[in-house]
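[1] any chance you can model this:
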Amino acid sequence: MSILRSAVATWAELVEDARRAPSPHNTQPWLVEATDDDHALLLCRAERLLPVEDPDGRFLTCGMGIFAEALRVAAEARGLTLADEFLAPDLSAGATGEVVVAPLSLSPGATETGGRDALLRRRTSRLPYNGRPAPEEALTELAAVAARFGHTARFSSDPDFVAWVLELNVATIFYDLAEDERRAEIRHWTRASETEAAQLADGFSPRCLGFPGVLLRLFFDHHRVIRPFERVLRRLYMRQMRGTATVGWIAGPWATKDDWYLAGRMLLRFWLALTEHGLGLQPFGSVITNPTAHARLDERLGNETEEVWLLLRIGYSAEPPPSARLPLAAVLR
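    The predicted model follows:
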């Protein structure tokens, strides 16, 4: 019993920090099972996967890499090195139970010590931005972070291209949400009130999405009734995008489970560097997962060889509200 208490005490600080990491639809599928002071297992809860949106488990595997890297940042801040042995598990739609993702181990010493403050401050900003393009020095640093992991990050502040990306994103979102199964899955992770968001401690809250709960409920639960007003809803959504002056896209290895996991590690470091510059980020996942939209993006970019796996907008906004997070007791055992 004393060993278990010590192990939980050792890992609790790291998990307390890392549980703030982002995940697709704020599903937070991770679980850490401590075995002793220096060892633990990282698991994924299959009931928190996205079988419709992410049937191959690519983005949830990426999310597990994000969380592992957040644990590494938390460990480094305490003078420790965290090693993770990724087991390349199947996190596709057929996965069940608690899937072991990686054994974790801690050792003294750390190659890096920064990043914890940015980890605690990091947010997804779906708010309007203030119209200022991201500065070149920040974009250069972000590209360097991506390159360290074998990926390429590119950016554009061309007004015509930015407007085109925003229009593509909103058109793709509304096209995807017309599908009953996809809409039902996203509804499962969309909270209709702040009270519900606080109680469940996951998913999208109205404040974070920037829409009142009653409108979210109408859209998801009475979609056919509200469908005639889609043009108005699109305009409301585009209002949330106003002030966007810079968009970016990341390309790189995205064919295997190891690729997806490593991409997640990179994305966490990319996001922390962006946070250090006072910038906000919002991924445009629908453009990537929708084959038609992805093909249009590749055509516009003149891309024939690279695998673009992330599209995002970057800019300055007011401080976005934090998404709910599962309590420590639900993430560590």
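[2] could you list the low-pLDDT ranges of the protein?
    With pLDDT under 70 as the threshold, the chain has low-confidence stretches at 1-7.
[3] ok now do Val170, which residues does it touch?
    234, 237-238, 241 (C-beta atoms under 8 Å, 6 or more residues apart in numbering). Where C-beta positions appear, they are placed from N, C-alpha and C, glycine not excepted.
[4] ok, of these, which one's closest to Met266?
    Closest approach to Met266 among the contacts of Val170 (C-beta to C-beta): Met241, at 25.3 Å.
[5] quick check: phi and psi at the closest residue in space to Arg154 that isn't next to it in sequence.
    Leaving aside its sequence neighbours, Arg154 sits nearest to Trp249 (C-beta to C-beta, 6 or more residues apart in numbering; 5.8 Å). Here is the backbone geometry of Trp249 (degrees, to the nearest 10): phi -140, psi 150.
[6] residues in contact with Trp249?
    Trp249 touches 153-154, 297, 301, 308, 310-312, counting by C-beta under 8 Å, 6+ apart.
[7] surely Arg187 and Asp221 touch.
    Yes - with contact defined as C-beta atoms under 8 Å, Arg187 counts as touching Asp221 (7.3 Å).
[8] looking at the two now, which is surrounded by more residues?
    Arg187 (19 against 12; other C-beta atoms under 10 Å).
[9] what's the nearest residue to that one if we skip its chain neighbours?
    Arg187's closest residue in space is Phe220 (C-beta to C-beta, 6+ apart), at 4.0 Å.
[10] which elements pack onto the helix or strand hosting the one you found?
    In this assignment (DSSP states H and E), Phe220 forms part of helix 213-221. When contacts are defined as 3 or more C-beta pairs under 8 Å, 6 or more residues apart in numbering; DSSP states H and E, helix 213-221 packs onto helix 180-188, helix 206-209, helix 223-226.
[11] what number of residues lie near Asn183?
    You called it Asn, but residue 183 is Arg. 18.
[12] what of Leu50?
    By other C-beta under 10 Å, the burial measure for Leu50, its neighbour count, is 23.
[13] likewise for the one 4 residues further on?
    Residues lying near Asp54 (other C-beta under 10 Å) number 23.
[14] can you pull out the strands in the stretch 151-300 of the chain?
    For the stretch 151-300 of the chain, strands defined by DSSP state E, counting those that start in this stretch occupy the ranges 152-156, 246-251, 280-283.
[15] each with direction, which strands does the first one pair with?
    Each strand that pairs with strand 152-156, with its direction, by DSSP bridges: strand 246-251 (antiparallel).
[16] picking up where we left off before, pull the most distant pair out of the contacts of Trp249.
    Ala153 and Leu297 (15.1 Å).
[17] who's in contact with Ala134?
    Contact analysis of Ala134 by C-beta under 8 Å, 6+ apart lists 155, 157, 245-246, 277, 279, 314-315.
[18] recalculate using a threshold of 6 Å.
    For Ala134, the contacting residues are 246, 279, 314, by C-beta atoms under 6 Å, 6 or more residues apart in numbering.
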